[in-house]
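> This is a predicted model, with the sequence first.
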Amino acid sequence: MFLRVSTIALLTYSAFAQKSDSGFSTRNPRYELQPGDVLEVNYRYTPEFNQTVSIQPDGFVSLNLIGDVALAGVTLTAAQAMLTEKSSSRLREPEISLVLKEFVKPHFFVAGEVAAPGRFELRGPVSALQAVAMAGGLKQSAKHSQAILYRRQSGETAQAHLVNLKHISTPAGIREDVEIRSGDVLFIPQSRVSKVERFVKWGNWGIYASPVN
């Protein structure tokens with residue numbers, strides 16, 4: 001039998017957005033490019049260099065004029081500035097425009113002690129409690145007072161944030177609920193975690209959750 005999250009988890013976003021988690025989340029963040037996205041690169045004065053490219057799994061794109069450039073994890077505006085700067089070594093005062101032709105659908109992951117762990121599409125605002133509810137609720141074995149939310153920062157670094165699901169499922173703690181962003185990993189351990197590194201290498205986040213028996 002599974003322990004279902006309180007119906008508080010289904011409250012609207014306005015209930016938990018009134019108090020932001022300073023230092024961890026950003027209101028209305030700009031979309032950051034990620035592997036699988038398709039970009040159209042247009043040179044205003046030298047259209048012969050125009051190109052449509054996909055961001056590779058390692059985060060790089062390969063451009064005919066300037067070679068390989070790491071674009072994963074940056075906004076479209078920042079990517080345009082990077083390509084313009086690099087093209088300046090080959091062209092005089094280049095003007096570049098970027099068009100995001102295809103992008104990976106926003107999603108997040110819930111792992112650990114939930115009924116149905118996996119990947120979920122992010123359609124509108126979702127809180128940590130709502131994410132757990134979407135994953136079928138907590139198991140009886142879940143240490144729901146010490147969940148860990150991993151959020152990718154720049155490059156291969158992710159920031160870890162402890163989330164007390166037990167506390168935020170109460171009327172007093174609901175305003176402290178955390179907004180889930182695309183790419184987040186919410187991990188619910190089975191037992192108390194002895195140590196959580198604040199910054200970890202993306203892709204290896206699981207090894208930093210060392211449970212205490």
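Arrived safely, thanks for sending.

> how about stretch 105-124: buried residues?
Buried residues in stretch 105-124, counted by 16 or more other CB atoms under 10 Å: 106, 108-114, 117, 120, 122. Any C-beta I mention is one placed from the backbone N, CA and C, and that applies to glycine too.

> try stretch 127-139
The neighbour-count check on stretch 127-139 (16+ other CB under 10 Å) flags 127-139 as buried.

> one step back: which entry within the buried residues of stretch 105-124 corresponds to the minimum pLDDT?
For those, the model is least confident at Pro106; its pLDDT is 85.

> Identify the residue nearest the spatially most central residue of the chain in space, chain neighbours excluded?
For the chain, the residue nearest the mean C-alpha position is Gly183 (2.8 Å; CA atoms, centre = their mean). Distances taken as CB to CB, 6 or more residues apart in numbering place Arg152 nearest to Gly183, at 5.3 Å, with adjacent residues excluded.

> Got the domain ranges for this structure?
Domain assignment for the chain by automatic domain parsing gives 2-26+105-208, 38-102.

> what's downstream of the helix or strand bottoming out on mean pLDDT in the chain, the next helix or strand?
In the chain, no helix or strand scores lower on mean pLDDT, DSSP states H and E than helix 13-17, which sits at a mean of 36. Counting by DSSP states H and E, the next helix or strand C-terminal to helix 13-17 is strand 38-43.

> Can you tell me what sits against that next one?
The contact list for strand 38-43 (CB atoms under 8 Å, 6 or more residues apart in numbering) reads 33, 49-55, 61, 63, 65, 71, 79, 83, 87, 91, 94-103.

> how does it look with 6 Å?
The contact list for strand 38-43 (CB atoms under 6 Å, 6 or more residues apart in numbering) reads 49-54, 96-99, 101-102.

> quick one on the thing from earlier: what's the least confident stretch among the domains of the chain?
domain 2-26+105-208 (a mean of 75).

> Can you give me the distance of the residue of the chain most remote from its centre to Ile66?
Ranked by distance from the centre of the chain (CA atoms, centre = their mean), the top residue is Arg92, with 36.9 Å. Separation of Arg92 from Ile66 (CB to CB, to the nearest Å) stands at 15 Å.
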